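S.K.: Sequence and predicted model, in that order:
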Amino acid sequence: MTRKLLALIAVAITSWTGVAAANGRFPFANHLVVDPSDDKHLVVRTTYGIVQSFDAGASWKWLCEQSVGYGGAFDPAIAVTGTGRGLVGLFDGLTTTTDRGCTYVLAKDAVVTKQFMIDFVVQPTTPTRALALTSTGSADGFHVVVAESNDGGGTWAQLGVDLPKDFNSETLEIAASRPDRIYLSGVFGEPRQGVIEKTDDGGKTWERLAFDLKGGLAPYLAAVDPKDPDVVYVRLDGNATEGQGDSLWVSRDGAKTWAQLGQAKADMLGFALSPDGSKIAFGGPSDGIWLTSTVTPSPTKVSSVGARCLTWSAAGLYACGNEYPDGFTVGLSKDEGKTFQALNHLAVLSPLQCASTTTTGELCGKEWPKVQATIGVDDDAGVTTDAGPAPTPAADSDNHGCTCTHGAKNTAIPTGLALASALLALTRKRKKLREDSRQH
């Protein structure tokens, strides 16, 4: 190895540790939600804070984790309700914003106070209704309840009864066509056993249904068919230490029996059901993006984008990508995942402007220079906000299916991060980057 290459690696390590100084993780986006009250409002959870667009991806604003109330290697559950209120789940409660991120306030309702809030679901047909799931450990087991809001997240009350204390919950979903049908997924017992808890009466009673882990770690609910409450999708978290990748399963009889739809080499971080329920997109960093019909399943690889999240809305299929191989941090496909328009790049970002009296205005200013340096944002970033498409050659294997363009001032990959990526490839490290929570 030449002295020059060693020097470049040293620079890479120095720059990459700047990222580690923030929360120890490489900068990725890993979850995206669309505001049901305004489809131009996109909220993205990243490893360096929460990023939002208010103009369908033309420009992006950042706010720090400290303003929301979390930090470190923690990926909180996020959602936006039909009133535009943003929800974030914390270790010790539920925090909300009504001014799109300038101010976060902890909910005071007893059902969510000092509880570990692990998942949200907003009812598609009535988006002012939202459910939240707790899984708080105690001396005699787990405190698992479903909390319900019917005013867009303003107030919360317990829905139905507590779940059994042996149940360690993971995710929840609601059947849009039968709002009293709710599914929870999780594990119980030693040795660990998978389970789906189901209610048809809004949580008054729960039915426990076994889910075979097949050597894996836990089931994560992915979606319920919008028209058929008995059709439910689950991602099974594989046991990575045993070389087992994640897999995708479907039940067509209300979680009683299951059939496998797909198998990943490693993490399946992305799953999205089309709005009409007719198609599924799924994939991950090691597998690219796969597409299949839900009626006659036959998964086909449509893109090499290493999806860290997938969200399907009327606008198209959104994906969280890896900036350097994929060409974007957030992209949008209008052809079911075959090609992607770059909406967000790491270097095209500016801070959310808020009054100094708000939590974001007070706390995020001192954090921005660190984020700015580690992801390569220009001093005047935000002036050039065009992250949309430009005339480019058709997608091929070299661009991972991305028909994208960088802003004129942001064509260069941030040097330190690019070199860090090269260093990772050079040393061929096998340790994979696992996200702390699944997206669904």
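M.R.: Looks like it came in fine. Residues are numbered from 1 along each chain as shown.

S.K.: which strands and helices sit next to whatever helix or strand Leu310 lives in?
M.R.: Under the criterion of DSSP states H and E, Leu310 resides in strand 309-313. The helices and strands touching strand 309-313, judged by 3 or more C-beta pairs under 8 Å, 6 or more residues apart in numbering; DSSP states H and E, are strand 29-34, strand 270-273, strand 279-284, strand 316-320. In this view, the C-beta of every residue, glycine as well, is placed from N, C-alpha and C.

S.K.: C-alpha coordinates for it, PDB please?
M.R.: Presented in PDB, the C-alpha positions along strand 309-313 are these (Å, rounded to 0.1, in the frame of the first residue of the first chain):
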ATOM      1  CA  CYS A 309     -37.000   2.100   3.200                       C
ATOM      2  CA  LEU A 310     -39.800   1.900   0.800                       C
ATOM      3  CA  THR A 311     -43.100   3.900   0.900                       C
ATOM      4  CA  TRP A 312     -45.800   3.700  -1.900                       C
ATOM      5  CA  SER A 313     -48.200   6.500  -2.300                       C
END
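
S.K.: before we move on, the earlier item: format the helices and strands packed on strand 309-313 as TSV; extra columns: mean neighbour count and mean pLDDT.
M.R.: What follows is the helices and strands packed on strand 309-313, written out as TSV (neighbours: other C-beta atoms under 10 Å; pLDDT from 0 to 100):
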stretch	mean neighbour count	mean pLDDT
strand 29-34	23	98
strand 270-273	28	98
strand 279-284	25	98
strand 316-320	26	98
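
S.K.: Which element, helix or strand, includes Phe74?
M.R.: For Phe74, there is no helix or strand it lies in under DSSP H and E.

S.K.: where does the stretch 1-150 of the chain dip in pLDDT?
M.R.: Low-confidence segments of the stretch 1-150 of the chain, defined by pLDDT under 70: 1-24.

S.K.: Show me where it has its strands.
M.R.: Taking DSSP state E, counting those that start in this stretch as the criterion, the stretch 1-150 of the chain contains strands spanning 29-34, 42-46, 49-53, 61-63, 78-80, 86-90, 93-97, 105-106, 117-122, 130-134, 136-138, 141-143, 146-149.

S.K.: Which residues does Leu248 form beta bridges with?
M.R.: Arg235, Gly262 (DSSP bridges).

S.K.: Please read the previous query as pertaining to Ala130.
M.R.: Applying DSSP bridges to Ala130 gives these bridge partners: Val122, Ser149.

S.K.: coming back round to it: can I get the strands of the stretch 1-150 of the chain in TSV including distance to Lys227?
M.R.: Shown next, in TSV, are the strands of the stretch 1-150 of the chain (distance: least, C-beta to C-beta, whole Å):
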stretch	distance to Lys227
strand 29-34	20
strand 42-46	26
strand 49-53	30
strand 61-63	36
strand 78-80	22
strand 86-90	26
strand 93-97	30
strand 105-106	37
strand 117-122	17
strand 130-134	20
strand 136-138	34
strand 141-143	33
strand 146-149	23
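
S.K.: Figure out which of those strands is closest to Tyr318.
M.R.: Ranking these by proximity to Tyr318 (C-beta to C-beta) places strand 29-34 first, at 5.1 Å.

S.K.: What is that closest one packed up against?
M.R.: strand 42-46, strand 78-80, strand 309-313, strand 316-320.

S.K.: Run through who's touching the third one.
M.R.: In this structure, residues lying in contact with strand 309-313 by C-beta atoms under 8 Å, 6 or more residues apart in numbering are 29-34, 39, 269-275, 281-283, 289, 317-320, 439.
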